[in-house]
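Visitor: Got a predicted structure here, sequence first:
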Amino acid sequence: MSSNNQLKLAALLSAVLVSLTSLLAPITSNAQHSAHQRAKPRGNSVQHVLLLSIDGMHSLDLANLVKDRPASALAKLSLHAVTYTANYHPTRSWNVGHTWSLAVEEQFYLLWPAVVVVLGRRRGLVLAAAFVALSPVIRLGAFALVPSIRLGMEHRFEMAADAIAMGCLLAGLEGWLGRRPLYRRLLTSPLFLLVPALVIAISTLLEHPRLAHVLGTLMNAGVAVCIHRCVRQPADGVGRLLNSRPLVWIGVMSYSIYLWQQIFLNRSSPAPLCAFPLNLALVFGAAALSYGLIERPALTWRARLESRLFAPPRRRPVAAPAVARGLPAALPVRSFTAARPSLADTMAHPESTEAPTPTRV
């Protein structure tokens, strides 16, 4: 399929998925109506009216709406979606509620490379370690001293970015940790089962804010160590399970699943589309379509762009002499050039280092 056809197909799928989202949003919001409202007579049962223009909503229309009604939900969503600041907008709707984590990632990925460039790798890791260590103090202090941000404070960058910083520390210290005998024994010990057990135990306490603010960092460290063990030991039972075809497929689809799962996994909605097991089928179906027609072509275009922008300069090949020692040009030069002895051969047999004799043809 040509690039133009792929672009047209991706645009068509985007329009279909956006339309599907618009149609499903009123359906999934029915849970907000009380039982007596849902029990109204048939003649008064219309709860939503969806208006579609022929060519959709123009960007000018959206700009005018944001200008005229800056406090509207659509205006706030537009602002925070464009700037990746949804993690500072705690009153966002359910269907886009999960975008807070994407916002934290984007903010971290903009900040972290700049830190490494300015401070260097070593100092950058020291700063990341200091941030991880101080994160419980930051969360507890904000919870106690700034009550106005308690709603959704766990989604703010300064409260949640230590989880990603933990991954950066693991990547930066992986070689150093691998040379520590105690750490290697921990990864292979049967007692390592206590680490995931500790992670699960801490996750049951996250409903208590003060405990979550302190133990969250410990839970992140446990998750990082579990991931490191799976990477270093892919041949054991856990590694074989994670490398099985179904889980590998889920891993490939994970970003698309992340984007579309919120619409169908609303536990408060009585809509049939959110009922098990149809909701899971719709999640994987929408993710597969999104990946195959949008994400995979985008990754292909990104690879092509990276190869053009960041590919090392090509060296011009040095042409070999056409004729050597009067022989026909059709004979390769290497056919009468002896191989140069290696450094190890020279040290082991110094008597054999005289000049090689050309092979006669």
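Guide: Ah, there it is.
Visitor: Going by C-alpha atoms from here, please, whenever you check contacts or count neighbours.
Guide: Will do.
Visitor: Leu242: what's it in contact with?
Guide: With contact taken as Cα atoms under 8 Å, 6 or more residues apart in numbering, Leu242 is in contact with Val248.
Visitor: Where does the prediction get shaky in the stretch 201-350 of the chain?
Guide: Low-confidence segments of the stretch 201-350 of the chain (pLDDT under 70): 314-350.
Visitor: Tell me where it has helices.
Guide: With DSSP state H, counting those that start in this stretch as the criterion, the stretch 201-350 of the chain has helices at 209-232, 237-242, 245-264, 278-290, 296-310, 343-348.
Visitor: now the stretch 1-150 of the chain
Guide: In order along the chain, the stretch 1-150 of the chain carries the following helices (DSSP H, counting those that start in this stretch): 3-28, 35-38, 59-68, 73-83, 99-119, 121-145.
Visitor: rewinding a little: could you save the helices of the stretch 201-350 of the chain as a markdown table and add columns showing distance to Gly97?
Guide: Rendered in a markdown table, the data for the helices of the stretch 201-350 of the chain read as follows (distance: least, Cα to Cα, whole Å):
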| stretch | distance to Gly97 |
| --- | --- |
| helix 209-232 | 20 |
| helix 237-242 | 28 |
| helix 245-264 | 8 |
| helix 278-290 | 16 |
| helix 296-310 | 25 |
| helix 343-348 | 63 |
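Visitor: before we move on, back to that, worst average pLDDT in the helices of the stretch 1-150 of the chain?
Guide: For the helices of the stretch 1-150 of the chain, the stretch scoring lowest in mean pLDDT is helix 35-38; its value is a mean of 43.
Visitor: Double-check Phe143 against Arg150; I have them as touching.
Guide: Yes. Here Phe143 lies in contact with Arg150, judged by Cα atoms under 8 Å, at a distance of 6.1 Å.
Visitor: who has more neighbours, those two?
Guide: For Phe143 versus Arg150, the count of surrounding residues by other Cα atoms under 10 Å is larger for Phe143: 19 against 15.
Visitor: What are the neighbouring residues in contact with that one?
Guide: When contacts are counted by Cα under 8 Å, 6+ apart, Phe143 is found next to 149-150.
Visitor: pLDDT (mean, whole number) over stretch 173-189?
Guide: If you average the pLDDT over stretch 173-189, you get 91.
Visitor: which of the residues in that stretch are buried?
Guide: Taking 16 or more other Cα atoms under 10 Å as the neighbour-count basis, stretch 173-189 is seen to contain the buried residues Leu187.
Visitor: Same check on stretch 156-171?
Guide: So stretch 156-171, judged by 16+ other Cα under 10 Å, has buried residues 156-157, 159-170.
Visitor: which one of those residues is nearest Val117?
Guide: The shortest approach to Val117 among those belongs to Cys168, at 14.6 Å (Cα to Cα).
Visitor: now Cys168: how far from Pro209?
Guide: With distances defined as Cα to Cα, to the nearest Å, the gap from Cys168 to Pro209 amounts to 26 Å.
Visitor: what do you get for Phe108?
Guide: Going from Phe108 to Pro209 by Cα to Cα gives 24 Å.
Visitor: Likewise for Arg267?
Guide: Between Arg267 and Pro209 the distance is 23 Å, computed by Cα to Cα.
Visitor: do the same with Ala201
Guide: Here the criterion is Cα to Cα. By it, Ala201 lies 15 Å from Pro209.
Visitor: next one: Leu259
Guide: Between Leu259 and Pro209 the distance, using Cα to Cα, works out to 27 Å.
Visitor: any idea which of the buried residues of stretch 156-171 is the one closest to Ser307?
Guide: When those are compared for distance to Ser307 (Cα to Cα), Cys168 wins out at 25.5 Å.
Visitor: Let me know the helix or strand that that closest one is in.
Guide: Using DSSP states H and E, the element containing Cys168 is helix 162-178.
Visitor: And the next helix or strand past that helix?
Guide: Counting by DSSP H and E, the element after helix 162-178 in chain order, helix or strand, is helix 181-188.
Visitor: For that following helix, which outside residues touch it?
Guide: The list of residues contacting helix 181-188 from outside it, by Cα under 8 Å, 6+ apart, reads 177-178, 192, 229.
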